[in-house]
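# Turn this into a structure:
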Amino acid sequence: MNGIALAVFVFFFVAVTVMGFLAARWRKAEQSANLDEWGLGGRSFGTWVTWFLLGGDLYTAYTFVAVPAAIYAAGAAGFFAVPYTILVYPLIFTFLPRLWSVSHKHGYVTTSDFVRGRFGSKGLSLAVALTGILATMPYIALQLVGIQAVLDVMGIGGGENTHWFIKDLPLLIAFAVLAAYTYSSGLRAPALIAFVKDGLIYLVIAVAIIYIPIKLGGFDAIFDAAGKAFAEPGPTGKPRGALTSGPDAQWAYATLALGSALALFMYPHSITATLSSRSRNVIRRNTTILPLYSLMLGFLALLGFMAIKAGTDIKGNPQLAIPQLFEDMFPSWFSGVAFAAIGIGALVPAAIMSIAAANLFTRNVYKDFLKPAATPEQEHKVAKLVSLLVKVGALAFVLTMDKTVAINFQLLGGIWILQTMPALVGGLFTRWFHRWALLAGWAVGMLYGTLAAYGVASPTQKHFGGSAAEIPGIGEIGYIGLTAIVLNLVVTVVLTVALKAAKAPEGVDETSPGDYTADAGDADVRPDLPPVTEKAPAGH
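Presented below is the predicted three-dimensional model:
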C-alpha cells in the first residue's frame, strides 16, 4: 500500500464530500422541493459552471482509464475518441439551443418530456425514457470500474483471496458517500465538485505529458517502443495493433467516430447538464469552448503509448495501465493527486447520470403512467429515491459481473441511445415524422443493434464482444450503432409516408415555432393560449 498516495487521495475525497453536502445551500431557492431545483439546479448555471459541469459529465473516470487503455491494447484504433469529440460540438451547436429554448418555455425536464409534448405520444416518450435509463446504467457502472482500478493500484482492499466484503468495502464507502450528497444536494453537488475535478485532471495531464516523456527518453523512444510492441502477435496470431490505422480498419474507425459523436448528447446526463444552464446563449458559448477538452483528450490518449515504453505491469487488466503508470513514474504525493483526479472523475458523472435517470423515471414513467396527479413535492421525493436505487443497481452490476461485461454493455448502451436521435433531433426541426413511424423505427434500430452486437465474438467471450460488425450491402466492418440508425431512419421515413397517406391520427403538438428560439428573458406565454392585447384608450 502506498501510504502517501492514499493520504493525498483521502484528503481530496473528504474535501469534495464536504463540498457535496454544502452544495445544498448553494443558490438555494425558497421552494426547493421540485425537479427544477433538485434535478436541474434551478436552471440557473452560467457559462463557466455549465462548462465544468458538461466537461465533468463527458470526461469521466472511465474516459481517463479506458481511452489510454485502448491505445495501450490496440494502438491507433483507440484514437477514435479524439475525432468524435471534435465532430460533436458543431453538431450540438445546431440543436441544443433549440432544445433548451423549448424546454425552458414548457418546463420540460427530460428529452422524453419534449418528445411527448412535440408528438403528443406517451408511448414514444416512454420508449425514449426507458432507452435512456437502460443506456445510463452500465455507464454509471463503468465509473465504478475506474475507481476500482485506482483502488487496486493503491493496494486498498487486500489481495484476490481477501473476503469480498473487505475487498470491496472502500468502493462501497465511496458510493455510499456519493449517494448521500447526491440525495441531499441534487445537481448542485456535481456542479460544485466539477471545478475541483476538472482542475485536477488538467493539472495531472499537463504534468504527465511533459514529465513522463522526459523520464522515458522522449517521444521518439516512446513511439519506437510502441511500434515494436504492436508488431508482436496477439491472441489471434495477428499483430495486436498499429501506430496508424490500416485500410482494413478505416471503415470501423470512421463509423465508430461518427456514430459516437451522434450518440454523445443523446445520453440523459448530457441533456440534464445542458438544461441546467440559465440561457440559450450559455449553451452556444459552451459549444465554442468545450473543444478544449478534446485537446486534453488527445494528450490523455498518448499516455497509452507511454505505458508501453515504461513496461507497465497491468496484471492482465489493461484498465490498470494508466493508474499503474502514474504509480511507477510519479512521486508518491503526486500519484495521490492523479488518483484523486480519476476518483473524483468518477463521482461527478456518476452523480449526474443517476440524477438524469431519476428525472426520466419520475417524469416519464411515474408521473405519466403511475400517478398523473403527482405534485411537485411528490416528484421531488420519488426522484431522490430513484437516484439511490440507480446507484445500488450499478454497484450490484459491477460487483457481481466481470468488468469486461460492464464495458461491453456500455458499448451496447451507445448503440441503444443513438436510436432516440430521430425523435429528439428530428422533432426539434420538423413535425413531419409520424409518431407511430418514429416508434417503429426505434424498435427496428434497437432490435437490429442488439442482435448484431450479440453476434460479435472476441477472444475472451462469445457474445457482445464489441460494437463493430459487417455492414449489410457494403461488406465492410463498421459501427453497429450507425447501421442501426440508418435502418431506423429508413423505416421511419417509409412508414411516415404510408401513415400520412392513410390519414392515421397524429398527436397534438403543444409547442409553437417561437418556442424554439425563446430565451430566458422572453415572456412566458403558453403557446396554446391567445396573447393578451391591451384595449386602445377611448377616442383612439
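# measure the residue most central in space within the chain to Pro513 for me?
Among the residues of the chain, the one closest to the centroid is Leu58, at 5.2 Å (C-alpha atoms, centre = their mean). Leu58 sits 31 Å away from Pro513, taking C-beta to C-beta, to the nearest Å as the criterion. Bear in mind the C-beta positions are built from the backbone N, C-alpha and C, glycine included.
# pLDDT weak spots in the stretch 301-450 of the chain?
402-406 (pLDDT under 70).
# ranges for the helices of it?
321-329, 332-361, 376-400, 403-418, 421-429, 435-454 (DSSP state H, counting those that start in this stretch).
# closest one to Gln461 among the ones you listed?
helix 403-418 (6.6 Å; C-beta to C-beta).
# just how off-centre is that closest one within its chain?
11 Å (C-alpha atoms, centre = their mean, to the nearest Å).
# Could you check how far the nearest residue to Gly481 once chain neighbours are set aside is from Ser332?
Leaving aside its chain neighbours, Gly481 sits nearest to Ile415 (3.9 Å; criterion: C-beta to C-beta, 6 or more residues apart in numbering). Remark: distance between Ile415 and Ser332 (C-beta to C-beta) = 42 Å.
# what about those two, which has more around it?
Ile415 (26 against 14; other C-beta atoms under 10 Å).
# got the helices of the stretch 301-450 of the chain as CSV, with distance to Glu506 columns?
CSV is the format used below for those (distance: least, C-beta to C-beta, whole Å):
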stretch, distance to Glu506
helix 321-329, 51
helix 332-361, 24
helix 376-400, 29
helix 403-418, 25
helix 421-429, 13
helix 435-454, 7
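# Ok, which of the ones you listed comes nearest Thr272?
Using C-beta to C-beta, the helices of the stretch 301-450 of the chain put helix 332-361 closest to Thr272, at 4.2 Å.
# Could you list the buried residues of that closest one?
334-361 (16 or more other C-beta atoms under 10 Å).
# Distance from it to the middle of the chain?
Worked out by C-alpha atoms, centre = their mean, helix 332-361 lies 12 Å from the chain centre.
# contacting residues for Leu302?
Contacts for Leu302 (C-beta atoms under 8 Å, 6 or more residues apart in numbering) come out as 68, 71, 209, 222.
# Pull up the gap between it and Ala226, please.
Leu302 is 10 Å from Ala226, by C-beta to C-beta.
# before we move on, the earlier item: deepest of the helices of the stretch 301-450 of the chain, which one?
Between those, helix 332-361 has the highest mean count of neighbours, a mean of 27, where neighbours are mean count of other C-beta atoms under 10 Å.
# re the thing from before, now do the shared contacts for Leu302 and Ala226.
By C-beta under 8 Å, 6+ apart, no residue touches both Leu302 and Ala226.
# what pLDDT, on average, does stretch 265-276 get?
Averaging pLDDT along stretch 265-276 gives 93.
# Let me see the ranges of the strands in this protein.
When secondary structure is read from DSSP state E, the chain shows strands at 468-470, 477-479.
# Out of the ones you listed, which is the most enclosed?
strand 477-479 (a mean of 24).
# hmm, back to that, which residues touch the residue nearest to the centre of the chain?
Leu58 neighbours (C-beta under 8 Å, 6+ apart): 85, 264, 270, 293, 349.
# If anything else comes up later, I'll come back, but that's it for now.
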